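Undergrad: Just to be clear, the model below is a prediction. Sequence and coordinates:
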Amino acid sequence: MPGGYFMSPAAWFKSRVGEDRRAVRQNVDALPDGLWTKCPKCNVILFNKELEKNLRVCVKCGYHYRLSAWERIQITADEGTFKEIETGLVTLNPLNFPDYEAKIERDKAKTGLNDGMVVGLAEISGHPVGLGVTDWFMGGSMGSVYGEKVARLFELATKKKLPVVMFTMSGGARMQEGILSLMQMAKTAAAVARHSKARLPYIVVLTDPTTAGVHASFASLGDFIFAEPGALIGFAGARVAAQAGLIDRPANFQTAEFQLEHGMIDRIVPRREMKATLTKVLDFCVGKGVSSDAE
Amino acid sequence: MPSKDWTVLDFEKPIAELDEQIAEIKRLTQEQGIDRSDEIAALERDRDRAIEEIFSNLTPWDRVLLARHPKRPYTLDYVRVIFDDYVELHGDRLYGDDHAMVGGIATLGNRQVVFVGQQKGRDLKERQYRNFGMAKPDGYRKALRLMKLAEKFGRPVITFVDTPAADCSVDAEARGISESIARNMMEMSILETPIISIILGEGGSGGAIGIAVADRVIMMENAIYSVIPPEGCAAILWRDPSKYKEMAAALRITSADALELGVVDEVIKEPLGGAHRNPEAAAQSVKAAIIRHLEELEKIPVSKLVDARYKKFRSMGVFEDLSKKTTKKDETSEEKPQEE
């Protein structure tokens, strides 16, 4: 971490208000937006600027906030190297599913994106890669556009002989596109197969949450699979699991830690170490690039 | 007398009543030695008319009930009729033998094939033994192992899909249910031998597609193919599980829907009143379709076959591409990436 960090907001609060933190928190909740954030895990009050500096990871408990697609690109790709592709793909309502268009419009407005998957070409520490990142657009769910973007990214990367780095965040298949969403699982898995057959590296980073249709397709097919600490990762989505009435769940069920323990992922990598880890893996796969002495 | 049989669906009750009347007269005929064949024939005509009428007005939810019908023929019922001979093979060579997924080698006329499929149980005990047709990673890995065997010996693969869903229990998760399904789809997409999948009953989400990446996907008339069970979807999306009937319609899960959406290649008509009324005839129809498709697929060189399979799944999905031409131009005119 670069320097310039002087005191955690938690320490600051402690020094200022002593033990009466509950009252302070309530006061903070009433403060104008944009200055402070309360950590959902440890409840500490975080100064937004410090949170940004810490890559949106709680300085006290290490809770990893979800990132928007563009935040992820910003901390992953070398500055100015990301070039988005496939921006012209637009979601339709093939089943005439009730309320679908309204939800799409709502999340378009919320995220400024056409759909949850953002794909493009970028460099990571000088390594040219195909990069896919996800936004919390309709729960990060995979419909036709999402699946098509993943497939096209892999096809382009295969053509250009590039590694693919994929950050996943998804509740699963998009129910509003019914069986067509299910087919995106096969489509993306098939696209990975061709890229893999061309002996090109594929690195997956599972972020909170990655479940169901996405976890059971391209997200589980990386040569290297990393996860952010504490991320929810699993087959049955949270509400499906609740419906199935799963009992006797271990406390860490469907977390990154559970998946590591059961041999399903290579490593848990904290966000601040992510780019360095990706760089090492890319160095291993393709050799050290000429410009790998990144800033 | 109205039927109390739990294996009779509500909308089947008029049919069951006529069936019972016919059976009763037949019994009396035998006992009393009186010829009442005219009466029987008339009742049978009435019954068949009733079936036709009922089955021409089925709702999507009715199809769900038929796909899950307790008397519906299951994978091994089809296997026994379709193949002249078969040897079931067990285990994934990694952990165990999943009873919810069966598979083996079989002969079909002069062909040697590999089959895999989910297997449901008929009574309570067998249902538990088969885990209600919900396979764990061990099942998907067994299926893949057998498919690889088919590839090695140049034999076609026939998969039978009939599952409410893949198992999502703690141990399924611990052994990587997601990975096993993802791996199967990936490997099936490049498997160098013909693959035919038949959706027999329930085509339940990832559990189904995990063995259904095929050159030909065929669906029984009263089967369903869905990304999520309608009950679950109603609970999740509308927070109202009681709306499952509406959801069954909204999700477009019938065979006619799947055909229209380009997800399956063919729908096999079921015997009058559903496959369970004549499992033998249903299996013969499936057999004929398998042979017909194999004859086509065997003529295609394997590299072309695999390419076509990729394109088939690649083209699934509906969206608008606003920049189709310009995007393509961009790609080709772009300078080559620095590779050194």
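TA: Sure thing, it's come through.
Undergrad: Which parts of chain B are strands?
TA: B:85-88, B:101-108, B:111-118, B:157-163, B:195-204, B:216-220, B:224-226, B:266-268, B:319-321 (DSSP state E).
Undergrad: looking at it, B:Ala166 is touching B:Gly176, isn't it?
TA: No. Applying Cβ atoms under 8 Å as the test, B:Ala166 and B:Gly176 come out as separate, 11.4 Å apart. Bear in mind the C-beta positions are built from the backbone N, C-alpha and C, glycine included.
Undergrad: between the two, who's got more neighbours?
TA: Between B:Ala166 and B:Gly176, B:Ala166 has the larger neighbour count (other Cβ atoms under 10 Å in any protein chain shown), namely 30 against 23.
Undergrad: Give me the neighbour count for the residue lying closest to B:Ile196 once chain neighbours are set aside.
TA: For B:Ile196, ignoring the flanking residues on the chain, the nearest one in space by Cβ to Cβ, 6 or more residues apart in numbering or on different chains is B:Arg216 at 4.8 Å. For B:Arg216, the neighbour count with other Cβ under 10 Å is 21.
Undergrad: What separation do you get for B:Arg216 and B:Glu179?
TA: Look at B:Arg216 and B:Glu179: by Cβ to Cβ, to the nearest Å, they are 27 Å apart.
Undergrad: go on, A:Lys275?
TA: Counting by Cβ to Cβ - A:Lys275 and B:Glu179 are separated by 26 Å.
Undergrad: Between those two, point out the one with more neighbours.
TA: Shown here are A:Lys275 and B:Glu179; by other Cβ under 10 Å, B:Glu179 has more neighbours (23 against 18).
Undergrad: how near is that one to chain A?
TA: According to Cβ to the nearest Cβ, to the nearest Å, B:Glu179 and chain A sit 4 Å apart.
Undergrad: and the residue nearest to that residue when sequence neighbours are not counted, what does it touch?
TA: Computed as Cβ to Cβ, 6+ apart, the closest residue to B:Glu179 that is not its neighbour in sequence is A:Ser220, at 4.4 Å. The neighbours of A:Ser220, taking Cβ atoms under 8 Å, 6 or more residues apart in numbering or on different chains as the test, are A:204, A:264, B:176, B:178-179, B:182-183.
Undergrad: Please apply the same query to A:Ala173.
TA: A:141-143, A:181-182, A:184-185, A:212-214, B:205, B:227-228 are the contacts of A:Ala173 under Cβ under 8 Å, 6+ apart.
Undergrad: Need the three-state assignment for A:Pro209.
TA: strand (DSSP: H, G, I helix; E, B strand; the rest coil).
Undergrad: Same question for A:Val192.
TA: helix.
Undergrad: Break the chain into its domains for me.
TA: With no chain named, the answer covers chain A. Structurally, chain A divides into domains by automatic domain parsing as follows: A:1-8+A:22-63, A:69-286.
Undergrad: that answer is for a different chain, and I need it for chain B
TA: Taken from automatic domain parsing, chain B resolves into B:10-57, B:65-314.
Undergrad: Burial-wise, tell me which of the ones you listed comes out on top.
TA: Stretch with highest mean neighbour count among the domains of chain B: domain B:65-314 (a mean of 21; mean count of other Cβ atoms under 10 Å in any protein chain shown).
Undergrad: Average pLDDT for it, rounded please.
TA: Per-residue pLDDT values across domain B:65-314 average out to 97.
Undergrad: Show me how far that domain is from its chain's centre.
TA: 5 Å (Cα atoms, centre = their mean, to the nearest Å).
Undergrad: Helices of the stretch 101-250 of chain B, start to end?
TA: B:124-129, B:137-152, B:170-174, B:177-189, B:205-209, B:230-237, B:244-250 (DSSP state H, counting those that start in this stretch).
Undergrad: The second one - contacts with which helices or strands?
TA: Spelled out, it's helix B:137-152. strand B:101-108, strand B:111-118, strand B:157-163, helix B:177-189 (3 or more Cβ pairs under 8 Å, 6 or more residues apart in numbering or on different chains; DSSP states H and E).
Undergrad: and the angle from the longest one to strand B:157-163?
TA: Helix B:177-189 and strand B:157-163 are oriented at 150 degrees to each other (axes from the mean of the first three to the mean of the last three Cα atoms, to 10 degrees).
Undergrad: Can you pull out the residues in contact with helix B:177-189?
TA: With Cβ under 8 Å, 6+ apart, helix B:177-189 has contacts from A:185-186, A:189-190, A:192-193, A:196, A:215-221, A:234-235, A:264, B:136-137, B:140-141, B:143-144, B:147-148, B:166-168, B:195, B:206-207, B:209-211, B:213-214, B:306, B:309-310, B:313.
Undergrad: and stretch A:77-93, anywhere near chain B?
TA: Yes. Stretch A:77-93 comes into contact with chain B (Cβ under 8 Å from any Cβ of the partner chain), by way of A:85-92.
Undergrad: Tabulate the residues you listed (CSV), appending neighbour count, distance to A:Phe137 and secondary structure.
TA: Formatted as CSV, the residues of stretch A:77-93 next to chain B follow (neighbours: other Cβ atoms under 10 Å in any protein chain shown; distance: Cβ to Cβ, whole Å; DSSP: H, G, I helix; E, B strand; the rest coil):
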residue, neighbour count, distance to A:Phe137, secondary structure
A:Ile85, 21, 17, strand
A:Glu86, 22, 15, coil
A:Thr87, 15, 14, coil
A:Gly88, 15, 17, coil
A:Leu89, 24, 13, strand
A:Val90, 15, 13, strand
A:Thr91, 25, 10, strand
A:Leu92, 17, 15, coil
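Undergrad: coming back round to it: just the domains of chain A: most buried one?
TA: domain A:69-286 (a mean of 22).
Undergrad: tell me the mean pLDDT over it?
TA: 95.
Undergrad: B:Gly274: what's it in contact with?
TA: Counted by Cβ under 8 Å, 6+ apart, B:Gly274 has contacts B:55, B:66, B:69, B:72, B:222.
Undergrad: Could you pick out which of those are located in helices?
TA: B:55, B:66 (DSSP state H).
Undergrad: Let's have the domains of chain A in JSON lines, adding distance to B:Val264.
TA: As requested, the domains of chain A are exported to JSON lines (distance: least, Cβ to Cβ, whole Å):
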{"stretch": "domain A:1-8+A:22-63", "distance to B:Val264": "44"}
{"stretch": "domain A:69-286", "distance to B:Val264": "9"}
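Undergrad: Tell me the residues on the stretch 51-200 of chain B that lie near chain A, please.
TA: Residues of the stretch 51-200 of chain B lying near chain A by Cβ under 8 Å from any Cβ: B:166, B:168-170, B:172-179, B:181-183, B:185-187, B:189-190.
Undergrad: so who does the closest residue to B:Leu200 other than its chain neighbours touch?
TA: In this structure, B:Leu200 finds its nearest non-sequential neighbour in B:Asp162, 4.4 Å apart by Cβ to Cβ, 6+ apart. B:Asp162 makes contact with B:74-75, B:117-120, B:133, B:199-202 under the criterion Cβ under 8 Å, 6+ apart.
Undergrad: and which of these is nearest to chain A?
TA: B:Ile199 (10.7 Å; Cβ to the nearest Cβ).
Undergrad: Look up which residues are beta-bridged to that closest one.
TA: B:Val161, B:Met219 (DSSP bridges).
Undergrad: Nearest the geometric middle of chain B, what residue?
TA: Centroid-nearest residue in chain B, with Cα atoms, centre = their mean: B:Ile199, separated by 1.8 Å.
Undergrad: Okay, and A:Val165 sits in which element?
TA: Element membership of A:Val165, judged by DSSP states H and E, is strand A:164-170.
Undergrad: Quickly check: that strand near chain B or not.
TA: No. Strand A:164-170 lies apart from chain B when judged by Cβ under 8 Å from any Cβ; the minimum separation is 11.3 Å.
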